[in-house]
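K.L.:
Below: sequence and its predicted model.
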Amino acid sequence: CTVPGCGATSTTSCNLKGHLRAHCQERPFECRLPGCRKIFVGRHDCKRHEKLHIERSFECKACNKKFAWIESFNRHLSVAGSECASVTAQLYPGQG
């Protein structure tokens, strides 16, 4: 990175371009879904965000809340004393 004091390194020019955009607040990738005005430094970040609008594959059987990412679903279930965690443990014994 050429920004004084940053010191970040990148293995690809594409990653470096995205990193430099973050320094100058440039966000050229906008969510294409109507009503959403979020903008992003990288195309990958934008596509990941757009998936949240469309695809929610992980559903909590206790509260019916849906999640696009397994990490978010697991975090939801890991809340100490969570009713959802108890129900999930009963439905899927030995999977925790």
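P.N.:
Received it, and whenever you're ready, just let me know what you need. What you are looking at is a predicted structure, and each value in this text was computed from that prediction instead of being measured.
K.L.:
For stretch 66-82, which outside residues touch it?
P.N.:
51-52, 55-60, 65, 84-85, 88, 96 (Cβ atoms under 8 Å, 6 or more residues apart in numbering). No exception for glycine: its C-beta is placed from N, CA and C like everyone else's.
K.L.:
Mind doing that once more with 10 Å?
P.N.:
48-49, 51-60, 62-63, 65, 84-89, 96 (Cβ atoms under 10 Å, 6 or more residues apart in numbering).
K.L.:
how long is it end to end?
P.N.:
16 Å (Cα to Cα, to the nearest Å).
K.L.:
still on that earlier bit, show the buried residues in the contacts of stretch 66-82.
P.N.:
49, 52, 58, 60, 62, 84-85, 88 (16 or more other Cβ atoms under 10 Å).
K.L.:
Can you tell me which of these is nearest His19?
P.N.:
Taking Cβ to Cβ as the measure, His19 lies nearest His49 of the buried ones among the contacts of stretch 66-82, at 18.6 Å.
K.L.:
Determine the set of other helices and strands touching whichever strand or helix holds Cys46.
P.N.:
Taking DSSP states H and E as the definition, one finds Cys46 inside helix 43-54. When contacts are defined as 3 or more Cβ pairs under 10 Å, 6 or more residues apart in numbering; DSSP states H and E, helix 43-54 packs onto helix 13-23, strand 29-30, strand 39-40.
K.L.:
for the second one, the distance to its chain's centre please.
P.N.:
Counting by Cα atoms, centre = their mean, to the nearest Å, strand 29-30 is centred 16 Å from the centre of its parent chain.
K.L.:
Can you list the neighbours in contact with that strand?
P.N.:
Contacts of strand 29-30 (Cβ under 10 Å, 6+ apart): 18, 21, 36-47, 49-50.
K.L.:
next one: stretch 10-27
P.N.:
1-3, 6, 8-9, 28-29, 38-46.
K.L.:
Now which of those residues would you call buried?
P.N.:
Applying 16+ other Cβ under 10 Å to these flags 29, 40-42, 46 as buried.
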